[in-house]
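Engineer: build me a structure from this.
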Amino acid sequence: MKKRSIWVLPVAIALALTGCASSDTETGGTADSAGSSESEGASGTVLDATQVKAVIDKVMEGQDSAQVFDNDTLQQQQEGLDVSAFAESVSPKECADLQKENSFTDLSKAYAAAGVVAESAGSTTVQLLSLKDDATSQTIASLLEFDDFGKCSTMQVESGGQKLDIESKVLDADTQAPHELAISTTTLMSGKAVQDSVNVQALDGSTYVLVNVIGQPGSEGLQEQATQLAEKTLAEAKNAQ
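Structural biologist: Purely as a prediction, here's the structure:
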């Protein structure tokens, strides 16, 4: 099987969401008028922008510090995100090439919404994409077959003049979705771990969920937390269809 990776995707989305969270842009704005009704596609019912945001609102209920970003906000942030420039900060070059060649960041092919909870000990990001067509769904399903980082299990990223070491590995995913992927990442600065994270992705028909949980080094239960949120989001999306 040809090795393919989508490990750039959580990073790209996280960068876009960081831009949202640090700006004065009002969230929860008007949903994309082009997606004002349900349609059939991607082997299932496609939720429109308003419905997708409503699902994330439901998932984020009870989280006082949660910020929810609607489809328009994410589209605008994604348009301003230079994934190629980020990839160029990655070494070795082989890993940078994987980022540029095997990433999915085209939110125009989905209605999207995201929720972010940032705390002193870490953060949680939940993103829901309702894919508009079967071709996009098939592309994501294929990418979720990734099972080995190979030489890119350790890489370097230059950020703000500092070089970070990134150690990543594929975990045994534990969602109920037909297509899934779980990745753990440890970020090191000057050889010292500064944060751990787990990213869980799940695809069921037209519904694509990404959950990224960041904690302090050595944090336990990150995968369980991410998996539970992914399952909850899938269930809420199914109820909305």
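
Engineer: show me what the helix or strand harbouring Thr233 is packed up against.
Structural biologist: In this assignment (DSSP states H and E), Thr233 forms part of helix 222-240. Packing partners of helix 222-240 (3 or more CB pairs under 8 Å, 6 or more residues apart in numbering; DSSP states H and E): helix 49-59, strand 122-131, strand 179-189, strand 192-204, strand 207-215. Yep, even glycine has a C-beta here, placed from its N, CA and C like the rest.

Engineer: show me where pLDDT drops low in this protein?
Structural biologist: 1-44, 80-87, 101-102 (pLDDT under 70).

Engineer: who touches the helix holding Thr233?
Structural biologist: With CB atoms under 8 Å, 6 or more residues apart in numbering as the test, helix 222-240 has contacts from 47, 51-52, 54-56, 58-59, 124, 126, 128, 130, 171, 173-177, 182, 184, 196-202, 204, 207, 209-213, 215.

Engineer: that helix vs strand 192-204, what angle?
Structural biologist: 30 degrees (axes from the mean of the first three to the mean of the last three CA atoms, to 10 degrees).

Engineer: the nearest residue to Gln67 once chain neighbours are set aside: which element?
Structural biologist: Leaving aside its sequence neighbours, Gln67 sits nearest to Val116 (CB to CB, 6 or more residues apart in numbering; 5.0 Å). If you go by DSSP H and E, Val116 is part of strand 110-119.

Engineer: and Gln201, what are its bridge partners?
Structural biologist: With beta bridges defined as DSSP bridges, Gln201 has these partners: Leu181, Leu210.

Engineer: neighbours around it, how many?
Structural biologist: Using other CB atoms under 10 Å, Gln201 has 27 other residues around it.

Engineer: quick one: it from Ile56, how far?
Structural biologist: 16 Å (CB to CB, to the nearest Å).

Engineer: and for Val211, the neighbour number?
Structural biologist: Neighbours of Val211 using other CB under 10 Å come to 29.

Engineer: cheers, nothing more for now.
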